[in-house]
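Novice: please find the sequence and the predicted model below.
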Amino acid sequence: MQMGHVALRRWWRWRVYILPALLVVALTLPSLPGGDYRVDTGRYAATALHAYQEGTFWTLERAGALNFAKPPLVFWIHGLLLIVTGPALWAVRLPVMLAAVGAVCVTVDATRRVAGTRAGLLSGIVLATTIEFFRHTRQMSLDIWQTLFLMIAAWCVLVGWKWDRIGLVVLSGVGIGLALMTKPFHVAIAIPIFAGWLMWMQRPRLAMGMVGATGVALAVAGPWHLSMWIQHGDAFVDQYILHQSLERAIGQAEFEWFPWWWYARPLLQNYWPWLIAFAGAVVMWIRGRCNERDRAAIRMGLLWVGVWLVVMSAFADKRARYIILLYPFMAMVCGVWLARVMPAKMARTGRVRMDLAIVIATIVGIALPIAGVRLHRAPDGDEDGLVAFLQEKQGEEVWGMKLDTGRGGVVYLKTKIWPIHPKEGGPTPGAGALLIYDTRLGAPASDGGEIMYRDEVYVVVRGENGAHR
């Protein structure tokens, strides 16, 4: 009997973290197997595996070409699992699911320490059930990893404020540095945001700690960036800074331009019903009906969301996944409001029901993939025939003439052959090279050479000297 009481007490102590984490598992686990390598997943997963198979950890080069598009941290993490399990799609998604669980738990703890246990639990539930958050676990999402690292930094700042510990504020630089090792420089905007929030909370001494945090972030992320610049000079600057950052910002090259108000659409369309709670918290804060701890959490959320929306709205290139880093802070704001408007009696009577519902949902989430239920749509194209053909051509020169780089990554995962993608002004296929065409993107010219393989989607041509179009 006593052991039962001890177990029950431990459950009530840890349920604030366990329940939101179980919700993430329930909502993401059924999507772990099946489907296809969508968005950038094929290219990213192949890059991660290639780093371990070919030892290209630092530059992440592929198909003989240097790759300066992204820092390597997340590729190291995913590649470590893929080299053990092999290139299974579930193994590509599993680390992202765990990163989402981590982001939820850090959000819960940060909110709990500032605004109380109920607010922490409810913020975790809000984040775990945010569609635009958990649906990206179906991909190899750098944005979810970036969100996890930035939430670790936010935890240090929030708890440092509560405990008046400048050392914790300085330690936030670790999370910022890890985020800088995930995606390029824009994540450094977190530094002035945290400093501004600390000044808003009338803690100028702690705000100065962000100077130290900047140094820590540079110590974490600086070695890779500096070494790449020293080794590759202008090539690294052109690709990493000009192409990946500046051209995205102004909409040049292949990056499409979107109007400044574009992010209003995913927020207004997909953040229900939590948009009501977010608006309620803003009204509660404006009317001054919150204590200092609630006010601290709401101010952090509003400042983070406001600054990031302005910055990202100014960028020409926009994607719904880019605002994933807003959702933990919005969940924090929602959790505070829900904790204050939910009657305490109702909260007590509903605890057992909510716990049971989440546990049952998790059991169902685990059972669905075991039962063979698949929630993904069919793959975009079947590479099995192409893969079987290429496996017999190991050692030959292979080019993806009309082949998306993501599908080229899938070919590598299945054959260890990474088709070379032609670039303007770059090398061209040699005589006798195998040229892959995805007919949805373009068919080979009639005089392009001998057709070696054909199916409903792909055509492979034995190129002739100079006949590559």
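Specialist: Right, received. Where do you want to start? Every value quoted in this text rests on a predicted model; they were computed, and no experiment measured them.
Novice: any idea how many residues pack against residue 65?
Specialist: 14 (other CB atoms under 10 Å). Where C-beta positions appear, they are placed from N, C-alpha and C, glycine not excepted.
Novice: and the pLDDT at it?
Specialist: According to the prediction, residue 65 has pLDDT 71.
Novice: partners of it in the sheet?
Specialist: residue 62 (DSSP bridges).
Novice: gap between it and residue 72?
Specialist: 15 Å (CB to CB, to the nearest Å).
Novice: do residue 47 as well
Specialist: For residue 47, the distance to residue 72 - CB to CB - is 9 Å.
Novice: now do the shared contacts for those two.
Specialist: residue 60 (CB atoms under 8 Å, 6 or more residues apart in numbering).
Novice: the more surrounded of those two?
Specialist: When residue 47 and residue 72 are compared for neighbours, residue 47 comes out ahead with 26 against 21, by other CB under 10 Å.
Novice: now residue 365. Nearest residue, chain neighbours left out?
Specialist: Computed as CB to CB, 6 or more residues apart in numbering, the closest residue to residue 365 that is not its neighbour in sequence is residue 26, at 3.8 Å.
Novice: quick one: that neighbour is in a helix?
Specialist: Yes. Under DSSP: H, G, I helix; E, B strand; the rest coil, residue 26 falls within a helix.
Novice: what residues does it make contact with?
Specialist: For residue 26, the contact set (CB under 8 Å, 6+ apart) comprises 358, 361, 362, 364, 365.
Novice: filter these down to the ones in helices?
Specialist: Among these, the ones falling in helices (DSSP state H) are 358, 361, 362, 364, 365.
Novice: check the residues you listed for the minimum pLDDT and say which it is.
Specialist: Of all those, residue 365 carries the smallest pLDDT score, 71.
Novice: look up how far residue 239 lies from that one.
Specialist: Distance of residue 365 to residue 239, computed by CB to CB: 40 Å.
Novice: tell me which of these two has more neighbours.
Specialist: Higher neighbour count among residue 365 and residue 239: residue 365, with 20 against 16, using other CB under 10 Å.
Novice: quick check: pLDDT value at residue 319.
Specialist: Residue 319 is assigned a predicted lDDT (pLDDT) of 85.
Novice: for residue 299, that is, sorry about that
Specialist: On the pLDDT scale, residue 299 gets 97.
Novice: check which helix or strand covers it.
Specialist: Residue 299 belongs to helix 292-314 when assigned by DSSP states H and E.
Novice: same thing with residue 428?
Specialist: Counting by DSSP H and E, residue 428 is found in no helix or strand.
Novice: and residue 452, that's in a strand?
Specialist: Yes. Counting by three-state DSSP, residue 452 is part of a strand.
Novice: wait, doesn't it sit right on residue 392?
Specialist: No. In this structure, residue 452 is not within contact of residue 392 by CB atoms under 8 Å, at 10.4 Å.
Novice: of those two, who's got more company?
Specialist: Ranked by neighbour count (other CB under 10 Å), residue 452 and residue 392 place residue 452 first, with 13 against 8.
Novice: so which residues of this protein form strands?
Specialist: Here the chain has its strands, by DSSP state E, at 398-402, 434-438, 449-454, 458-463.
Novice: what's the local residue count around the spatially closest residue to residue 261 that is not a sequence neighbour?
Specialist: Leaving aside its chain neighbours, residue 261 sits nearest to residue 313 (7.1 Å; criterion: CB to CB, 6+ apart). With neighbours defined by other CB under 10 Å, the count for residue 313 comes to 16.
Novice: show the pLDDT at residue 467.
Specialist: 48.
Novice: actually, residue 85.
Specialist: At residue 85, the model reports a pLDDT of 92.
Novice: how about the nearest residue to it, chain neighbours excluded?
Specialist: Once flanking residues are discounted, residue 85 sits nearest to residue 91: 4.2 Å by CB to CB, 6+ apart.
Novice: what separation do you get for the residue nearest to residue 365 and residue 363?
Specialist: Going from residue 26 to residue 363 by CB to CB gives 8 Å.
Novice: also residue 407?
Specialist: For residue 407, the distance to residue 363 equals 36 Å [CB to CB].
Novice: do the same with residue 395
Specialist: The gap separating residue 395 from residue 363 is 49 Å, by CB to CB.
Novice: so how far is residue 94 from residue 385?
Specialist: Note on residue 385: its distance to residue 94, by CB to CB, is 28 Å.
Novice: err, residue 463, not the other one
Specialist: Distance from residue 463 to residue 94, by CB to CB: 39 Å.
Novice: higher neighbour count, those two?
Specialist: Set side by side, residue 463 and residue 94 show more neighbours around residue 463, with 24 against 18, by other CB under 10 Å.
Novice: let me see the confidence value for that one.
Specialist: So, for residue 463, pLDDT stands at 78.
Novice: specify the beta-bridge partners of it.
Specialist: For residue 463, the beta-bridge partners under DSSP bridges are residue 449.
Novice: which ones are touching it?
Specialist: Going by CB under 8 Å, 6+ apart, residue 463 touches 399, 429, 430, 431, 432, 433, 434, 435, 448, 449.
Novice: among these, name the buried ones.
Specialist: The neighbour count (16 or more other CB atoms under 10 Å) marks 399, 429, 433, 434, 435, 448, 449 as buried among these.
Novice: out of those residues, who's nearest residue 163?
Specialist: Closest to residue 163 out of the buried ones among the contacts of residue 463 is residue 399 (58.5 Å), distances taken as CB to CB.
Novice: right, and that closest one touches residue 435 too?
Specialist: Yes. Contact criterion CB under 8 Å: residue 399 and residue 435 qualify, at 5.1 Å.
Novice: quick one: residue 190 and residue 149 touch, right?
Specialist: No. With contact defined as CB under 8 Å, residue 190 does not count as touching residue 149 (9.6 Å).
Novice: now for the two: what residues contact both?
Specialist: 176, 179.
Novice: separation between the residue nearest to residue 261 and residue 265?
Specialist: Residue 313 sits 12 Å away from residue 265, going by CB to CB.
Novice: what of residue 155?
Specialist: From residue 155 over to residue 265 the distance is 30 Å, taken as CB to CB.
Novice: higher neighbour count, the two?
Specialist: The neighbour count for residue 155 versus residue 265, taken as other CB under 10 Å, is higher for residue 155 (21 against 13).
Novice: nearest spatial neighbour of the more buried one, chain-adjacent residues omitted?
Specialist: residue 110 is the one closest to residue 155 (CB to CB, 6+ apart), at 4.3 Å.
Novice: repeat that for residue 126.
Specialist: residue 331 (4.1 Å).
Novice: neighbours around the one you found, how many?
Specialist: Using other CB under 10 Å, residue 331 is surrounded by 30 other residues.
Novice: and residue 184, by the same measure?
Specialist: By the criterion of other CB under 10 Å, residue 184 has 17 neighbours.
Novice: isn't it up against residue 71?
Specialist: Yes. With contact defined as CB under 8 Å, residue 184 reaches residue 71; the gap is 7.4 Å.
Novice: quick one: contacts of stretch 232-241?
Specialist: With CB under 8 Å, 6+ apart, stretch 232-241 has contacts from 59, 66, 68, 69, 184, 185, 228, 229.
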